[in-house]
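Need a 3D model of the sequence below.
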Amino acid sequence: MNALDRRLHAWREDLADKRLEGRVEAGRFVAGRPARIGAPLADMLAAPAADAGLNTQLLLGDDLLVFEEGPEWAWVQAVRDGYVGYVARSAISAEGREPTHAVRVPRTFVYSGADLKLPRKACLSLGSRVSVERFVEARGTEYAVLASGDALIAAHLRPAGEFVEDYVGVAEQLLSTPYLWGGASAFGIDCSGFVQLSMRMTGRSAPRDSDMQAAHLGEPLDPGKDFAGLRRGDLVFWKGHIAIMLDGRNIIHANGHTMMVSREPLAEAVERIAYLYGGPTGFRRP
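Below you'll find the model as predicted:
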């Protein structure tokens, strides 16, 4: 049997994805049940326990395959990036109607009706997906109304099939977002989740973790002497870390040094990071 990355393959000794039958050994194999995240944000954990490590996060409207459901936890695989882990069962809903729109701003509120003075019921991150029933205008503001009657500011959404071109521009919208290990939303984010979410808004698929991104995202790049060959959008990798080039000399990254998404001259970052983790391990152009 070939060793498979368990982050990307639903495989335990007692249970595995039916698509892996013949490739791995498991007590039984099951087909994943299609479902969707129905909560504003769902943590994907390493184990079915509230104090387990946070591996990544899923947004409202993200599609799933559910392989096992218990009273509190479900073992699932995210369709978007293939990541496997445990999420709270309460965060999962049936597939239902296909999402029609996605949140295009860092954060937006869900109101109990089409009036910004009504109580807010939730806050959604950039990239969350919703199914809009209709649009209405009230006092000069257009609202997107959901089947539940809840409403969002229409200008904060874009049709699900429309994307922006510049993923670095999306990344800049997330400046000062708090750093969160395993975070993948505009409420808190880590370095690889930052790259993945920014690219997501351009319609581009990116692996979840920095080692996956270093191996598969774009093409290897020779940065040249003093990094003169780098340009906007190129990626810089260190062991366990990734940053995006803003231009020929500055990066933007979610980092544990400032504990938020911040700008920094590449040369200064290289010098600072080398003290503990060594120099850059690679460069790629997505």
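
low pLDDT regions in the stretch 1-150 of the chain?
Along the stretch 1-150 of the chain, segments meeting pLDDT under 70 span 1-2.

what do you get for the stretch 151-286 of the chain?
Within the stretch 151-286 of the chain, no range satisfies pLDDT under 70.

For Ala42, which three-state class applies?
strand (DSSP: H, G, I helix; E, B strand; the rest coil).

Quick check: bridge partners of it?
Applying DSSP bridges to Ala42 yields these beta-bridge partners: Leu58.

residues contacting it?
Gln57, Leu58, Leu59, Asp62, Val87, Ala88, Ala91, Ile92 (Cβ atoms under 8 Å, 6 or more residues apart in numbering). Glycine gets a C-beta too; all of them are placed from N, C-alpha and C.

repeat that with 7 Å
Residues near Ala42 by Cβ atoms under 7 Å, 6 or more residues apart in numbering: Gln57, Leu58, Val87, Ala88, Ala91.

Most neighbours among those, which one is it?
Neighbour counts for these, by other Cβ atoms under 10 Å, peak at Leu58, which reaches 28 neighbours.

in terms of contact, does that one touch Met44 like I think?
Yes: using Cβ atoms under 7 Å, Leu58 is in contact with Met44, at 6.0 Å.

next structured bit after the longest helix belonging to the chain?
Secondary structure of the chain per DSSP state H: the longest helix is helix 266-277. Downstream of helix 266-277, the first helix or strand assigned by DSSP states H and E is strand 282-285.

any idea how far that next one is from the chain center?
Here the centre of strand 282-285 is set off from its chain's centre by 21 Å, with Cα atoms, centre = their mean, to the nearest Å.

So which bits of that strand are buried?
Of all the residues in strand 282-285, those buried under the rule 16 or more other Cβ atoms under 10 Å are Phe283, Arg284.

Domains in this protein, by residue range?
Per automatic domain parsing, the structural domains of the chain span 16-93, 101-159, 167-285.

Make CSV out of these and add distance to Leu8.
Below are the domains of the chain laid out as CSV (distance: least, Cβ to Cβ, whole Å):
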stretch, distance to Leu8
domain 16-93, 5
domain 101-159, 20
domain 167-285, 8
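
which stretch among the ones you listed comes nearest Asp5?
Asp5 sits nearest to domain 167-285 of all the domains of the chain, at 8.3 Å, using Cβ to Cβ.

May I have the strands that pair with the helix or strand encompassing Ile242, each with its orientation?
For Ile242, the element it lies in under DSSP H and E is strand 241-245. Paired neighbours of strand 241-245 in the sheet (DSSP bridges): strand 235-238 (antiparallel), strand 250-255 (antiparallel).

Count the residues that sit near Leu175.
Leu175: 12 neighbours (other Cβ under 10 Å).

correction: Ser148
Neighbours of Ser148 under the rule other Cβ under 10 Å: 11.

does it count as helix, strand or coil?
Assignment for Ser148 (three-state DSSP): coil.

list the contacts for it?
Residues counted as contacts of Ser148 (Cβ under 7 Å, 6+ apart): none.

Check the gap between it and Glu133 for me.
According to Cβ to Cβ, to the nearest Å, Ser148 stands 9 Å off from Glu133.

same thing with Ile273?
Distance from Ile273 to Glu133, by Cβ to Cβ: 49 Å.

And Ser125, its phi and psi?
phi -90, psi 160 (degrees, to the nearest 10).
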